[in-house]
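Enquirer: sequence plus predicted model, see below.
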Amino acid sequence: MLDNNSSENQLRSYLSSLQNEIKSSNCSVEIVLEFLRGPLDFLENKNWKGPFPNRQLHKYFLTKIYSKHLSFILENIIINWFEILTQSQQQMLVTEYFVPSGEKNLQKQIRACISLQVLVTHFSVSSQQNSHLGQKEQTHLLMIIKKLLVSLFNIYSMSDFFDAILSNDDINLNERFPYWKEFVGLVCSIPERAANLMVLNQNQIYNSRSLEDDVLSDVKFFGKLSIDSENLIFDRCEIIKEDAVEMFVFAFGELFSKICRIGHSKTLVQAIYHLLVRRLHPSVNRTYQNIWHRVTASFSPHMLESFLTSLLLHAQNCDLSKVSTPVSMDDQSRHLIRKIVKILMLLIGNKDNESILFLIKYKYFVGGKSFSIIILRVLCCFLCWRGVQKEANDDNNLNLKPLIYDDLINVLKTLVSSWSDPTFVKHGSITDQKYITSAILILFGYIPKKTLIDAGITREIIPGVSRWLQNSSEESRRLGMITAEMLSKLTDETGNVLDFELNPEDENVRSLRQLVEVKDGLVDLPDIENEDVEDQENTVLKSDKMVDSSEKHLDFSEKYYNTEISINNRSTIENINSQPVDSDDDDEFEPYPMEEESENEEDDKCEPQTKKKKILPPVYIIDLLSYLKSSDDPDKIEVAMNTAAKLIRDKTEFGMELDDHAVELARILINLRDTFEFKEFEENRQAALTALVCGSPRITVPFIIQQFFETRYSLSDKLMILSALSSAAKELSGLQIEEIKGIPAKNEITSINLNTQSTNDLSLITKNTLNIPTSDKVRWLSRRPKVEYARLNSTKRNRFNELAAKTFFFPLLAGFWIWSRNRDQGGILYEPVLVHRYVVTLAIFVQCSTNTVDIIQIDREYWDLLLSLRYNDDPAVLSALLFGINSTMNSLSERELAENFGKELVETQQWITALLENRNNENIQPMAVWILAKIQGIVSNYQRLLLGDLLPLT
């Protein structure tokens, strides 16, 4: 033991002496080369010139010293000596540390893993490790790190990192799991860090997008991580032992859920989809399926929905796009539908997982998610296969025998209940009505006649049919008629089948009636002999070869990603939105060019003869993103800005669409500029960002707070972020009166005049915002004003309480302390206007958090911030500080203030007393006097509580 300690001390002393020589003024290239060559020789046990030729300290060196040694190289050698070294010396002595070359072994895998963690930690423009460097040196270091990261991922894949962490016996089993979670977090942050660096330096370094930027883009990077991980699961499923399955489930459950959580579920699905298709072969090991079942079962409901939704939509754009019509019943169409069902069975199985069953059986049918009819056929087939058993050794024909219909009946009853709801019949959109009607018709075909009768479906659906027949819309009435006809045809035993004499030649009528006959999960199918299907299988094999063992590393060529990822959806949207719209109303009001009205024939000839295409408003969030990115099309941007807030609010709590695109949408809104001088551009941008924060606060708020503390944004951008946060806090807490259309009131959008507005005007609740006359003075001619007035003034759930501390207040407060250490020009302390708005925003958080359990801790941290700023002599800042103290004191009772904030009360009293003695700030004196009087009242009423035994007993 003494020998080991002595050897460790010698090793530390040896490295410390080398580092001191590097830092000394007498350092030379020879010393640098010795510093770099020595530890490498030690690790490889060759030409070792240290004080002891010993390999027993390798483990100690790697676990205790290696990461610090790499950090020293980055901060000293890279900055000062890297360009002086020859190219071979750079490769053999510097790059070798971060990207170990040669034949891989466990030691090199561990070194690569440690290298990755060190590189990513330093790969940030706000990294504390780089804070002592100048801007030029920091930029140079970050560029080198980016190239090293690309080289590292080119040689080492997820299998190497998996072996270095989870298969490393030198690491305690209990330490491997948190170590892997930390590793996943760092790896998944690389694309965002690279994007931040690219945006920051685009005007300084880049003339165009570099290869490294393309390599580390989120689509390619996460796509490659996904491919590597899937290949690792497949390659080792045949040799893995049962006790090691849990390790794989944890590792890739953590990685895949992280990718989905940060908004890249679509990239994950697009990367592994074709690999999953090939794994459908019956020879695939059962362990592979078991791992996937348990990985998806480990997902949270939110992540599971994001993953499966992306899978279904991608399948719709790939394989299912080959189905000619939604009701096609040819063999190839049924095979394609069954292929997607098999992928679902491969990923989630048929076990009774509550989250999966709730998602598949209810949310995808009646929970707000609307897919195409072909996806409905996939979901119904999946539910059918959960209750059937296929004959042994008959994987191709899948001769299915129904066992139970509980799942189908339960889903059908839920659909019928929603379909028959009076509100849905009268006010539901025609798209939703068609969607649920189609699902009911498809399920009718799966369930036998006797089961339908025994379940009482006819009895439950009759009231709904009556409501549909009374609908004022002809198209809606037709849905009710077809549903009644098909149910009557399937269940009638007397021969009196309903017939509403609908036109059988009508395409919509014929398609809906055919849905009863699809039954994709019950029809016997022959072997696939179609050439198109064979070509598809060959394509799958070719795409799989791209990720064979020789290319499992990060080959960042265009051949894989550009063929599948983020093409189909975008092209579909562009095609839809680019279609011209024939509007009869517009044509009616278009003036006829009469000859006698033309004064200049040449001008008439120059006028365009074609009418400008009308831009449709975006329907989905992805449409909105596409519009906002159209920098060369001002019409699209204007339409997007005018409708963004309403669309975002319509998508709130309506599926996962808003959450999936929240970060990208927030980034675009913050960076958007009024290049074309649109009317009310800033108001619309503010309203859209506020709506986004309210609609997806857990995802949007952390991101925009991080952007607020970035140095690349202007003062107006930062003020907009703060305004959006404060407006959203008031709305989420229910303390803000919303307009009927759901867009924030104009007075919430208008910027605050921070230099002239008094603190008393910063009241949290705007009084008399909506003046409603009393019923004894106004005759109500319609029920609508009453309903709207009641809706506006109804009691609302305070959604802000659960978000106040962890999502809003503490992240925004923590960033200030980090930012306050930066004394460079541009820091927050040098912008009184920004400090004023920042303090007021936190005060609004405090006011909205009055009833939260964390209010005392919030008040304590906020009061510390206020007292730290009390020496700022700017009138606007002092006004905000007094407003903040007022908000804090109003959030608690006087007794709670005396019990928990005695020190703060005394310091505040002393500061305000000195403030009043200085009569230079007359505008803030009323608020200061009020606060001082309240503090004196608390001190007077709770002297014994404040001072305890120091007071004499009377």
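Expert: Cool, got the structure. Numbers count the residues shown, from 1 in each chain.

Enquirer: list the buried residues of the host helix or strand of residue 114.
Expert: Under DSSP states H and E, the secondary-structure element containing residue 114 is helix 106-122. Of the residues in helix 106-122, 108-122 count as buried by neighbour count, 16 or more other C-beta atoms under 10 Å. Every C-beta, even on glycine, is put in place using the N, C-alpha and C of the backbone.

Enquirer: residues of stretch 856-863 that come out buried?
Expert: Across stretch 856-863, burial judged by 16+ other C-beta under 10 Å covers 856, 858, 859, 861, 862, 863.

Enquirer: cool, and stretch 88-95?
Expert: Neighbour count says stretch 88-95 has 89, 90, 93, 94, 95 buried, by 16+ other C-beta under 10 Å.

Enquirer: spatially nearest residue to the residue most central in space within the chain (excluding sequence neighbours)?
Expert: The centre of the chain sits closest to residue 263, judged by C-alpha atoms, centre = their mean, with a distance of 3.6 Å. If you skip the residues right next to it in sequence, residue 263 has residue 663 as its closest partner in space, 5.4 Å away by C-beta to C-beta, 6 or more residues apart in numbering.

Enquirer: what residues are up against the one you found?
Expert: Residue 663 is in contact with 262, 263, 699, 700, 703, counting by C-beta atoms under 8 Å, 6 or more residues apart in numbering.

Enquirer: how about the secondary structure of it?
Expert: Reducing the assignment at residue 663 to three states with DSSP: H, G, I helix; E, B strand; the rest coil gives helix.

Enquirer: swap in residue 505?
Expert: Residue 505, by the three-state scheme (three-state DSSP), is coil.

Enquirer: for the residue nearest to the centre of the chain, which three-state class applies?
Expert: Classified using three-state DSSP, residue 263 is coil.

Enquirer: which residues touch it?
Expert: With the criterion set at C-beta under 8 Å, 6+ apart, residue 263 makes contact with 659, 660, 661, 662, 663, 664, 699.

Enquirer: how near is it to residue 877?
Expert: Between residue 263 and residue 877 the computed distance is 37 Å (C-beta to C-beta, to the nearest Å).

Enquirer: ok, now residue 231?
Expert: In this view, residue 231 and residue 877 are 57 Å apart by C-beta to C-beta.

Enquirer: ok, residue 472 next?
Expert: Taken as C-beta to C-beta, the spacing of residue 472 relative to residue 877 amounts to 60 Å.

Enquirer: the helix or strand encompassing residue 233: how far from the chain's middle?
Expert: Using DSSP H and E, residue 233 sits within helix 218-236. Put simply, helix 218-236 sits 20 Å off its chain's centre (C-alpha atoms, centre = their mean, to the nearest Å).

Enquirer: can you give me the strands for the stretch 251-400 of the chain?
Expert: Taking DSSP state E, counting those that start in this stretch to define them, one finds strands in the stretch 251-400 of the chain at 388-390, 400-402.

Enquirer: pretty sure residue 644 contacts residue 688?
Expert: Yes. Look at residue 644 against residue 688 with C-beta atoms under 8 Å: they come within range, at 3.8 Å.

Enquirer: any idea how many residues pack against the residue nearest to residue 697 when sequence neighbours are not counted?
Expert: Spatial nearest neighbour of residue 697, excluding adjacent residues (C-beta to C-beta, 6+ apart): residue 803 at 5.4 Å. Neighbouring residues of residue 803 were enumerated by other C-beta atoms under 10 Å; the total is 22.

Enquirer: if I look at residue 803, how far off is residue 732?
Expert: For residue 803, the distance to residue 732 (C-beta to C-beta) stands at 7 Å.

Enquirer: now swap in residue 838 and tell me
Expert: Looking at residue 838 against residue 732, where the rule is C-beta to C-beta, the gap reads 19 Å.

Enquirer: do residue 5 as well
Expert: In this structure, residue 5 and residue 732 are 58 Å apart, going by C-beta to C-beta.

Enquirer: higher neighbour count, these two?
Expert: Neighbour comparison, residue 5 and residue 732: the larger count goes to residue 732, with 23 against 9 (by other C-beta under 10 Å).

Enquirer: same question for the helix or strand where the more buried one lies, mean pLDDT?
Expert: When elements are assigned from DSSP H and E, residue 732 belongs to helix 715-733. In this model, helix 715-733 has an average pLDDT of 89.
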